[in-house]
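[1] How does the following fold in three dimensions:
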Amino acid sequence: MSSYQHVLLAIDYSRQNLLIAKKAQQIAAQNNAKLSILHVIEHVTNDNDNLMADLLDAEQITLAEFAVDLGIVEANQWLRAGIPAKEIVTLAQEQAVDLIVIGAHNHQGILSLLGSPSSDTLQRTKCDLLSVHLN
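    Numbering: from 1, shown residues only. Here you go, the predicted model:
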């Protein structure tokens, strides 16, 4: 296994975020790597710019609070709007990330046919990806 220089923690505000974060934090510490965090807001519309600005402000506060608890500085906190897999991969390329840590939810029925951010990210990324299994 190679030594990682930059670990990106991609979160979705599920109740298991702390489990995923601890894994990312542990790997970053073991490799003396930079740790960044990203949250992607899905299904963004331009119908109401004020509503969108309010949503982004609220999400930025939530992200900052979570990141501070992990010791992640503001310069390594990212909030994006769009398709999660695409935004995760784009940020990873822009920031020279060599490991993405993301949660993998168990989807059943029709949801399993639609894919998930973790599987979509795996198909798109060129760096390593750790998919933390969540129940």
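
[2] can you confirm residue 91 is in a strand?
    No: assessed by DSSP: H, G, I helix; E, B strand; the rest coil, residue 91 does not belong to a strand; its assignment is helix.

[3] thought it was touching residue 6?
    No: using CB atoms under 8 Å, residue 91 and residue 6 do not qualify as a contacting pair, with a distance of 10.8 Å. C-beta coordinates here come from the backbone N, C-alpha and C atoms, glycine included.

[4] so what sits against both of those two?
    Shared between the contact lists of residue 91 and residue 6 (criterion: CB atoms under 8 Å, 6 or more residues apart in numbering) are residues residue 97.

[5] helices and strands around the biggest helix by length in the chain, which ones?
    Of all the segments of type helix in the chain, defined by DSSP state H, the longest one is helix 49-70. The elements that helix 49-70 packs onto, with contact taken as 3 or more CB pairs under 8 Å, 6 or more residues apart in numbering; DSSP states H and E, are helix 17-30, strand 34-41, strand 77-81.

[6] Single out the most deeply packed of the ones you listed.
    Across the helices and strands packed on helix 49-70, the average number of neighbours (mean count of other CB atoms under 10 Å) peaks for strand 34-41, which reaches a mean of 22.
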